[in-house]
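A.B. asks: Quick one: sequence and predicted model below, then my questions.
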Amino acid sequence: MSVNLTPNAIAAILAGDVNSKPLVQVLDIKLISNKSQQERYRLLISDSASTQHAMLATQLIEYICSPIQNRKIIVVLNMETIIPDCEIIGNPTSFAESDLTSQKTLPNNNTQNSSMLNSNRLAAQNSSHEAQNFRPTVQPPFRPPPVYKGHGAIVKNEAPARIIPIAALNPYQGRWAIKARVTAKGDLRRYNNARGDGKVFSFDLLDSDGGEIRVTCFNAVVDRFYDVIEVGKVYLISKGSLKPAQKNFNHLKNDWEIMLDSNSTVDLCPDEDGSIPRQQFSFRPISDVENVDSNSILDVIGVVTSVNPSVPILRKNGMETQRRILNLKDWSGRSVELTLWGDFCNREGQKLQDMVNDGFFPVLAVKAGKVNDFSGKTIGTISSTQLFINPDFPEAQKLRDWFDQGGKDSASLSISKDIMPGGPKNEIRKTVSQIKEEGLGRSDKPDWITVRATISFIKTDSFCYTACPLMIGDRQCSKKVTRLGSTKWQCDRCNQEFEECDYRYLLQAQILDHTGITWVTAFQESGEEILGCSAKELYLLKEQDDEKFGDIIRSRLFNQFMFRLKVKEELYGDEQRVKITVVKTEKVNYSSESRYLLDLISKFHRQ
């Protein structure tokens with residue numbers, strides 16, 4: 001690998017240039033014996049024409065040039081290794097300071113450099129009591145570059161941190177500052193763990209180079225900055241630590257996130273030049289969402305074609321929240337359901353519903369929506385999601401023009417759900433063969449599908465089980481019970497005995513359609529729908545009149561039903577098997593089914 005060192009770099013440094021980042025070669029390195037605990041190293045550096053001695057220091061700026069015993073030593077304060085092992089480049093000779101006057105091609109060889117050099121010499125004279133004769137046991141004095149002149153004495157970690165791009169942040173930097181705009185601010189959340197109660201909030205930053213990063217604050221730091229941070233404002237932030245980003249919760253394209261602490265500073269900056277954009281999007285066509293992994297975070301933009309009313313939903317933790325579903329459409333020929341949760345339902349959701357009810361279909365940009373694949377692909381809001389109604393940027397204007405000029409009436413296939421006309425929502429229609437061909441049920445979560453199929457066989461030797469009739473609250477126990485003697489039954493769950501048990505369906509049946517056949521299991525309610533009577537009635541009939549029992553079973557064969565199925569892989573012994581459970585059974589409504597088939601034919605015709 002060929003390397004071109006920076007021409008005349010050593011001459012430029014000795015002349016006072018401390019702002020460039022020269023590329024030089026290290027020809028020699030030696031450990032200097034030192035009475036202090038800090039290790040010091042002396043280098044011999046080359047720019048391919050000249051060599052000069054240098055020393056390594058600990059301050060986190062690039063380099064300075066210090067006068068030591070009537071000569072100049074380059075003090076290297078920050079460096080980066082480009083090639084770890086390389087032959088000597090050029091024919092470098094020891095640089096003499098007298099060469100400065102004879103350099104014809106020296107960069108910046110003008111009055112400004114001369115004044116910088118004089119300034120450095122003056123600073124050296126004013127601090128002569130700090131400078132010592134150059135001996136291996138003496139640490140070279142710190143000489144601040146001219147930019148700090150007149151600010152008084154500056155010690156380690158007191159110099160103003162340099163503003164760097166977000167993309168350049170890494171955990172190995174000591175002093176840094178970033179200037180960025182807040183694009184999103186999360187809610188204040190409280191938590192409890194083994195260390196006690198706590199609180200946390202996060203906000204996202206965007207700088208002028210397009211770099212993004214998340215900042216997180218905990219406990220006392222929350223009190224300092226939560227009310228200070230405002231979305232849309234620009235801040236100068238420094239003195240934080242970098243930790244690996246938690247990708248499960250952090251969607252930004254950055255491997256790191258910033259943790260602020262008690263020493264961190266957050267200062268509001270005037271947005272004078274507007275060089276930092278207010279938001280950054282990476283829009284995906286709706287057709288792409290169909291192939292995106294579940295739980296992915298993405299940006300999408302579309303025209304709102306319908307908005308459902310907000311409805312209350314009870315979460316698993318017992319808390320109630322609001323949910324509102326709307327539909328987005330774009331020019332990719334696809335549409336998708338967007339689910340709004342919580343405050344989004346009453347803020348942007350109500351505004352969108354009012355606009356659609358008035359006959360106007362707004363453009364909606366979704367920043368950081370979460371992809372879900374339950375019953376087809378949908379997009380949902382999370383705490384860091386932002387919604388922009390009729391935003392003022394080119395993508396929105398192009399989408400508006402497309403919709404108004406004919407896109408409104410163009411065909412669009414939903415990637416979210418295949419809904420039975422006249423039937424309940426959240427149902428994906430499949431055939432029997434698709435259960436195996438598509439590997440349904442083999443993921444972490446079960447697949448919920450609807451199949452129109454015919455019953456071809458019912459097992460009659462074990463169509464029900466003896467169940468506990470006792471009530472637990474407002475629900476029947478239904479646990480399997482065992483007989484005690486000839487007159488008693490016992491439930492291990494309720495730890496009680498009783499004289500009469502209940503009977504509940506555990507029906508094993510085969511269903512088939514035009515593509516294949518499979519086994520399913522139907523429990524109580526579904527069994528009653530299939531056989532037309534309760535499990536207890538059918539059990540007693542079998543005991544009293546086996547022929548009549550057989551007639552009822554045969555009468556239910558080759559009847560067609562709409563089966564709502566739960567498909568999930570379960571462990572039987574040492575073998576994984578896919579279990580198909582009938583969740584709900586309905587007789588076929590042939591009018592609704594005809595409308596569904598006609599709509600399906602129409603979709604295939606448009607593709």
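C.D. replies: Received, thanks.

A.B. asks: Would you map the helices across this protein?
C.D. replies: 9-14, 99-102, 111-126, 220-225, 286-289, 343-344, 350-357, 394-404, 432-437, 524-531, 535-544, 546-556, 590-606 (DSSP state H).

A.B. asks: Which positions within the fourth one qualify as buried?
C.D. replies: Translated: helix 220-225. In terms of neighbour count (16 or more other Cβ atoms under 10 Å), helix 220-225 has its buried residues at 221, 222, 225. (C-beta placed from N, C-alpha, C; glycine too.)

A.B. asks: quick one: the residue lying closest to residue 255 once chain neighbours are set aside from residue 257, how far?
C.D. replies: The spatial neighbour of residue 255 that comes closest, neighbours along the chain excluded (Cβ to Cβ, 6 or more residues apart in numbering), is residue 245 at 5.8 Å. As judged by Cβ to Cβ, to the nearest Å, residue 245 and residue 257 stand 5 Å apart.

A.B. asks: Counting neighbours, go ahead and name the busier of the two.
C.D. replies: residue 257 (22 against 19; other Cβ atoms under 10 Å).

A.B. asks: so who does that one touch?
C.D. replies: 213, 214, 215, 216, 242, 243, 244, 245, 246, 250 (Cβ atoms under 8 Å, 6 or more residues apart in numbering).

A.B. asks: How about residue 300?
C.D. replies: 283, 284, 286, 289, 328, 336, 365, 366, 369, 379.

A.B. asks: Just the ones of those residues in strands?
C.D. replies: Taking DSSP state E, the ones among the contacts of residue 300 that sit in strands are 328, 336, 365, 366, 369, 379.

A.B. asks: can you tell me which residue is nearest the centre of the chain?
C.D. replies: Central residue of the chain (Cα atoms, centre = their mean): residue 251, 2.7 Å from the mean position.

A.B. asks: Pick out whichever of the buried residues of helix 220-225 sits closest to residue 477.
C.D. replies: Distance to residue 477 across the buried residues of helix 220-225 (Cβ to Cβ) is lowest for residue 222, with 47.7 Å.

A.B. asks: Look up how far residue 300 lies from the spatially closest residue to residue 389 that is not a sequence neighbour.
C.D. replies: Among residues not flanking residue 389 along the chain, residue 362 sits closest, at 5.4 Å (Cβ to Cβ, 6+ apart). Residue 362 sits 15 Å away from residue 300, going by Cβ to Cβ.

A.B. asks: do the same with residue 561
C.D. replies: 38 Å.

A.B. asks: Over to residue 438?
C.D. replies: Counting by Cβ to Cβ, the gap from residue 438 to residue 300 is 25 Å.

A.B. asks: Break this protein into its domains for me.
C.D. replies: Per automatic domain parsing, the structural domains of the chain span 9-148, 166-269, 286-414, 428-463+506-598.

A.B. asks: what's the closest of the ones you listed to residue 471?
C.D. replies: domain 428-463+506-598 (15.3 Å).

A.B. asks: and the closest one, what's its mean pLDDT?
C.D. replies: Taken as a whole, domain 428-463+506-598 carries a mean pLDDT of 89.

A.B. asks: Okay, now it: how far is its last residue from its first?
C.D. replies: Across domain 428-463+506-598, the terminal residues are separated by 17 Å (Cα to Cα, to the nearest Å).

A.B. asks: how far out from the middle of the chain is that domain?
C.D. replies: The chain centroid and the centroid of domain 428-463+506-598 are separated by 39 Å, computed with Cα atoms, centre = their mean, to the nearest Å.

A.B. asks: now stretch 337-354
C.D. replies: Distance, stretch centre to chain centre, for stretch 337-354: 22 Å (Cα atoms, centre = their mean).

A.B. asks: Please apply the same query to stretch 278-293.
C.D. replies: 13 Å.

A.B. asks: what about residue 295, how many neighbours?
C.D. replies: Around residue 295 sit 10 other residues, with neighbours defined as other Cβ under 10 Å.

A.B. asks: next one: the one 3 residues further on
C.D. replies: Here the count is done by other Cβ under 10 Å, and residue 298 has 19 residues near it.

A.B. asks: Any chance of the backbone angles for the residue nearest to it when sequence neighbours are not counted?
C.D. replies: Once flanking residues are discounted, residue 298 sits nearest to residue 284: 5.1 Å by Cβ to Cβ, 6+ apart. Dihedral pair for residue 284: phi -110, psi 140, per degrees, to the nearest 10.

A.B. asks: Next, work out how far apart the closest residue in space to residue 344 that isn't next to it in sequence and residue 297 are.
C.D. replies: Counting by Cβ to Cβ, 6+ apart, residue 344 lies nearest to residue 381, which is 5.0 Å off, once chain neighbours are set aside. Distance of residue 381 to residue 297, given as Cβ to Cβ: 11 Å.

A.B. asks: what sits in contact with each of these two?
C.D. replies: 369, 370.

A.B. asks: And for the spatially closest residue to residue 431 that is not a sequence neighbour, the neighbour number?
C.D. replies: Closest residue in space to residue 431, ignoring its immediate chain neighbours: residue 515 at 4.3 Å, by Cβ to Cβ, 6+ apart. When neighbours are counted by other Cβ under 10 Å, residue 515 registers 15.

A.B. asks: before we move on, back to that, please enumerate the shared neighbours of residue 245 and residue 257.
C.D. replies: Joint contacts of residue 245 and residue 257 (Cβ under 8 Å, 6+ apart) are residue 214.

A.B. asks: Model confidence at the residue nearest to residue 298, what's the number?
C.D. replies: Residue 284 is assigned 92 on the pLDDT scale.

A.B. asks: With residue 254 instead?
C.D. replies: Value for residue 254, per-residue pLDDT: 89.

A.B. asks: ditto for residue 78
C.D. replies: So residue 78 comes in at 65 (pLDDT).

A.B. asks: same question, residue 2
C.D. replies: Value listed for residue 2 in the pLDDT field: 61.

A.B. asks: can you check the one 4 residues further on too?
C.D. replies: pLDDT, residue 6: 84.

A.B. asks: Disregarding flanking residues, what is the spatial nearest neighbour of it?
C.D. replies: residue 22 (3.9 Å).

A.B. asks: quick one: the one you found and residue 8 touch, right?
C.D. replies: No. With contact defined as Cβ atoms under 8 Å, residue 22 and residue 8 do not form a contacting pair (9.2 Å).

A.B. asks: of these two, who's got more company?
C.D. replies: In terms of neighbours (other Cβ under 10 Å), residue 8 is the more surrounded of residue 22 and residue 8; the figures are 23 against 17.

A.B. asks: Just give me the neighbour total for residue 397.
C.D. replies: 13.

A.B. asks: I should have written residue 166 there, sorry.
C.D. replies: Using other Cβ under 10 Å, residue 166 has 21 neighbouring residues.

A.B. asks: so where is the stretch 151-300 of the chain shaky, pLDDT-wise?
C.D. replies: 151-161, 272-273 (pLDDT under 70).

A.B. asks: Show me where it has its strands.
C.D. replies: Along the stretch 151-300 of the chain, counting by DSSP state E, counting those that start in this stretch, strands occupy 177-185, 189-193, 196-206, 212-218, 234-244, 256-269, 297-307.

A.B. asks: Tell me which of these lies nearest to residue 500.
C.D. replies: When the strands of the stretch 151-300 of the chain are compared by Cβ to Cβ, strand 189-193 sits nearest residue 500, at 47.8 Å.

A.B. asks: got the buried residues for the closest one?
C.D. replies: By neighbour count on 16+ other Cβ under 10 Å, the buried set for strand 189-193 is empty.

A.B. asks: Which residue comes closest to residue 580 once chain neighbours are left out?
C.D. replies: Of all residues not flanking residue 580 in the chain, residue 520 sits nearest, at 4.7 Å (Cβ to Cβ, 6+ apart).

A.B. asks: got a list of what the one you found touches?
C.D. replies: So residue 520 contacts 508, 509, 510, 511, 563, 565, 580, 581, 582 (Cβ under 8 Å, 6+ apart).

A.B. asks: Many thanks, we can stop here.
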